[in-house]
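[1] Have a look; sequence and predicted model below, questions after that.
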Amino acid sequence: MRLAEEARLIRLQEEKKLAEENKIKDEEDDFLAEEVRVKMAERIRQERERVMQRQLEEIRAQAHAEALSATQTQVEKQVMKVEKAAYVENLTEAITKEWEKELRKKGKLPSDIMPPSEETMRHNGKQKHRAEWRHMGESKMAKINVSQE
């Protein structure tokens, strides 16, 4: 019986030892699993960060391209406005010169003969200059009459 008791105690000790070994092995497995999980989480975080960085760079590049395109369009529009303004100015100047030429042929040029309108003269208190305009108009008419003779 004593042998059976010793065998049972030895078996219990071996089971206890095996249980401790299994517990240690389970803890090691849990530790390794946690380590693997942490590494995987870190890889996922790095991948997300890389993807987000790439997307941010793409967004910046697209925004830059759009801004460049918008700037180019604005420059083109501004150039067109300036060219149109220059064209209109040249056209107006040519028409005015032609009109003045025709009026000179007829012997009268409104700006030489007539002073500015009352409304223009009232603007900013320029009424006092009306007499000066009349005098200038008369002297220009005299010059036109002299040049026609």
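    That came through, no problem. Residues are numbered from 1 along each chain as shown.

[2] quick one: which helix or strand includes Glu20?
    Taking DSSP states H and E as the criterion, Glu20 maps to helix 2-106.

[3] what separates that helix from the chain centre, distance-wise?
    Between the centre of helix 2-106 and the centre of its host chain there is 20 Å, according to C-alpha atoms, centre = their mean, to the nearest Å.

[4] So for it, mean pLDDT?
    Averaging pLDDT along helix 2-106 gives 90.

[5] Return the distance of Leu103 relative to Gln72.
    Using C-beta to C-beta, to the nearest Å, one gets 46 Å for the distance from Leu103 to Gln72. Every C-beta, even on glycine, is put in place using the N, C-alpha and C of the backbone.

[6] Between these two, point out the one with more neighbours.
    More neighbours surround Leu103 than the other of Leu103 and Gln72, with 15 against 10 (other C-beta atoms under 10 Å).

[7] how close does that one get to Lys97?
    To Lys97, Leu103 is 11 Å away according to C-beta to C-beta.

[8] ok, Val36 to Arg11 distance?
    Applying C-beta to C-beta, the value for Val36 to Arg11 is 36 Å.

[9] next one: Lys97
    Lys97 sits 126 Å away from Arg11, going by C-beta to C-beta.

[10] What of Glu28?
    25 Å.

[11] contacting residues around the residue nearest in space to the middle of the chain?
    A centroid search over the chain (C-alpha atoms, centre = their mean) returns Ala67, at 4.8 Å, as the residue closest to the centre. With contact set as C-beta atoms under 8 Å, 6 or more residues apart in numbering, Ala67 has no partners.

[12] State the distance from it to Gln55.
    Between Ala67 and Gln55 the computed distance is 18 Å (C-beta to C-beta).
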